[in-house]
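> heads up, no residue letters with this:
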C-alpha cells in the first residue's frame, strides 16, 4: 500500500519529496517505512502527553531515491 502511495505521489503528482512523522517508540512502523525507502532525516521533541515527552522521527524519501529503488528495478 505504501509503494502504491509513493508511485501515485511521484509519478502522477510529480512531487519532489514525501515526508512523514512517526513516534520513535513505534519500531514496527519505522521498519515498514524504511523498507519502502524512507530515511530518517530528523527528530522532534515536541510532544508532551500526560507529562511524558514523546519524540518523533521525521522520515523522507525524495524522487531520486524512489526512482533508484523502484523504477530501475521495475518494481512498480
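Ah, there it is. Just so it is clear, the structure is predicted and the values come from calculations on it, not from any experiment.
> helices or strands up against the lowest-mean-pLDDT helix or strand in the chain?
Least confident helix or strand, the chain: strand 39-49 with a mean of 84, by mean pLDDT, DSSP states H and E. Applying 3 or more CB pairs under 8 Å, 6 or more residues apart in numbering; DSSP states H and E, we find strand 39-49 packed against strand 17-23, strand 52-62. For the C-beta atoms, the positions are set from N, CA and C on the backbone; glycine is no exception.
> That one pairs with which strands, and in what direction?
According to DSSP bridges, strand 39-49 forms sheet pairs with strand 52-62 (antiparallel).
> Check which element follows the strand it pairs with along the chain.
For strand 52-62, the succeeding helix or strand toward the C-terminus, using DSSP states H and E, is helix 63-66.
> Give me the below-cutoff pLDDT ranges for this protein.
Applying pLDDT under 70 to the chain picks out residues 47, 72-76.
> list the contacts for the residue sitting furthest away from the middle of it?
Most distant from the centre of the chain: residue 51, at 27.6 Å, with distances by CA atoms, centre = their mean. Under the criterion of CB atoms under 8 Å, 6 or more residues apart in numbering, residue 51 has no contact partners.
> Angles on the backbone of it, please.
Dihedral pair for residue 51: phi 60, psi 20, per degrees, to the nearest 10.
> how close does it sit to residue 36?
As judged by CB to CB, to the nearest Å, residue 51 and residue 36 stand 35 Å apart.
> for residue 7, same thing?
11 Å.
> Neighbours of residue 66, how many?
22 (other CB atoms under 10 Å).
> Residue 64 too?
Residue 64 has 11 neighbouring residues, counting by other CB under 10 Å.
> For stretch 3-19, which residues meet the burial criterion?
6, 9, 10, 18 (16 or more other CB atoms under 10 Å).
> and that stretch, how far apart are its ends?
14 Å (CA to CA, to the nearest Å).
> hmm, who's touching it?
With CB under 8 Å, 6+ apart as the test, stretch 3-19 has contacts from 36-38, 41, 58-63, 66-67, 70, 75-76.
> which among those end up buried?
36, 37, 38, 59, 60, 61, 62, 63, 66, 70.
> and which of those residues is nearest residue 46?
Nearest to residue 46 among the buried ones among the contacts of stretch 3-19 is residue 59, at 15.7 Å by CB to CB.
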